[in-house]
Structures are given as structure tokens and as C-alpha cells.
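Student: here is a sequence together with a model predicted from it:
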Amino acid sequence: MGKLRRTVAVVDDDASLRRSVGRLLNAYGFLAMEYASAEAFLGRDPETPIGCLVLDIDLGGMSGIELQRRVKVAGLKLPVIFITALEDARLKTEAEQAGCIAYLRKPFAAAVLVDAVKRALGS
């Protein structure tokens, strides 16, 4: 029997980046589930097991940090990797205080993201 692939939810409103990250993660043996918004992620099938979130901070509707808060309030202990194009020290501090595994500025190296996902999943 093959090794089970760990599921990573990628939430980003930039379709091109979301697809690129999804393909990258799939190429490294993870199963990427892509969501265009925080609201789409919240509306997913709750039975779908998610190992960690790769989450854009600046989404069109609800922010990535607000989504992380909602996930915590719901009792889900999902490790989060924030990605952002914004250079904002306040947001970085807020994300780190919220307990993110990594805070990556776009564009980021593929290896840096893969290493962060591996840490998040404990592999």
C-alpha cells in the first residue's frame, strides 16, 4: 500500500499563484486543495482532512488572519503558513503572534515553502 499523502489547503485569491503553489506541493508528494477565498475554505466539506494551511494574508473578502482566528475558535489545530506580497511589519507581528509556522513574502523560493510545509506537517 502506498504512503498516504498529507493534504495542504492553499487559500489565495490570485488564481495563478494558487495553481502554482498547488502544483508545487503536488510535485513534492502533498495533496493540495485550492480555495480562492477564506469563505470558500470555510464552505468546504468539513470531512475533508486538512493537515495545514498555506494562507494569503490579503484576500478579497475575509483576511487570512481572520480566517486563522475562525479556525482556532472552531477548535481546529491547523498549522498555518502565511504568504503575502505586503511589506507590513504590523501584519508580520500579528501573524507571528497568532502562531504561524512561517511568514513568507512573495515571491518566495519553492524550497522555502516546501520546507515550511514539511515542518507544519511534522515530516
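Tutor: Cool, got the structure.
Student: other SSEs contacting the lowest-mean-pLDDT helix or strand in the chain?
Tutor: Between all helices and strands in the chain, the lowest mean by mean pLDDT, DSSP states H and E belongs to helix 89-97, at a mean of 88. The helices and strands touching helix 89-97, judged by 3 or more CB pairs under 8 Å, 6 or more residues apart in numbering; DSSP states H and E, are helix 64-73, strand 102-105. No exception for glycine: its C-beta is placed from N, CA and C like everyone else's.
Student: distance to A9 and mean pLDDT for these - can I get that in CSV?
Tutor: Output for the helices and strands packed on helix 89-97, formatted as CSV (distance: least, CB to CB, whole Å; pLDDT from 0 to 100):
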stretch, distance to A9, mean pLDDT
helix 64-73, 10, 92
strand 102-105, 15, 95
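Student: circling back: got the angle between the least confident helix or strand of the chain and helix 64-73?
Tutor: Computed by axes from the mean of the first three to the mean of the last three CA atoms, to 10 degrees, the angle separating helix 89-97 from helix 64-73 equals 20 degrees.
Student: got the contact list for helix 89-97?
Tutor: Helix 89-97 is contacted from outside by I57, I65, F82, T84, Y103, using CB atoms under 8 Å, 6 or more residues apart in numbering.
Student: residue contacts, the fourth one?
Tutor: What it means is T84. Taking CB under 8 Å, 6+ apart, we find T84 in contact with D56, I57, D58, G64, L91, Y103, L104, R105, K106.
Student: most neighbours out of those residues, which is it?
Tutor: Ranked by neighbour count (other CB atoms under 10 Å), the contacts of T84 have G64 at the top, with 27 neighbours.
Student: gap between that one and V73?
Tutor: For G64, the distance to V73 equals 15 Å [CB to CB, to the nearest Å].
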